[in-house]
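Engineer: sequence plus predicted model, see below.
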Amino acid sequence: MELFQLKQAAFNYCQTAIAKRIHTIEMVLKSLEESRNNESKSSVGDKYETGRAMLHLEEEKNKIQLAEALLARSVLESIHLEKTINKVEIGSLVITNSGKYFVAIGLGKILIDKELIYGISLDSPIGQVLKDKKVGDQCSFNERLIRIDAIV
């Protein structure tokens, strides 16, 4: 597979994964809201209050996850695949001597046509090391020398 096609496939994978994550979180939030609305006050007040407090905590946790997923989606929406890239930045597919990295959002391992690509963010430790590097540059990560062979 040609490198630009690999980049496009990694981008599409990220978009699909984030859309699924957002949908799942929205469904969980809807379910929690329904549970909260259907909970009837029992004669045992403490049990009722504990249940409501646990629902509230779960709802808050999911709202934070939703905000993070929406932020990830906005990062993806800012990527212009056709843009010529000369250094490692958001939207780059970085080919190194130790692996391939799609710099967008931190998804971890992405397998496309038997090719392993790591979905990373610029804020990740490896993203910080690769940031602004150009083809031919070398850097060190986890005591390994990484050479940038190509950027798409």
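Structural biologist: Perfect, thanks for sending it.
Engineer: show me what contacts Ile95?
Structural biologist: Ile95 is in contact with 3, 148-152, counting by C-beta atoms under 8 Å, 6 or more residues apart in numbering. (Each C-beta comes from the backbone N, C-alpha and C, glycine too.)
Engineer: in strands only, show me those.
Structural biologist: Judged by DSSP state E, strands contain the following of those: 148-151.
Engineer: out of those, who's the most crowded?
Structural biologist: Neighbour counts for the ones in strands among the contacts of Ile95, by other C-beta atoms under 10 Å, peak at Ile151, which reaches 24 neighbours.
Engineer: if I read this right, that one contacts Ile85, doesn't it?
Structural biologist: Yes: assessed by C-beta atoms under 8 Å, Ile151 is found in contact with Ile85 at 5.5 Å.
Engineer: quick one, strands of this structure?
Structural biologist: 93-96, 99-103, 108-112, 115-120, 138-141, 144-151.
Engineer: okay, the angle between the third one and strand 99-103?
Structural biologist: The directions of strand 108-112 and strand 99-103 differ by 110 degrees, with axes from the mean of the first three to the mean of the last three C-alpha atoms, to 10 degrees as the criterion.
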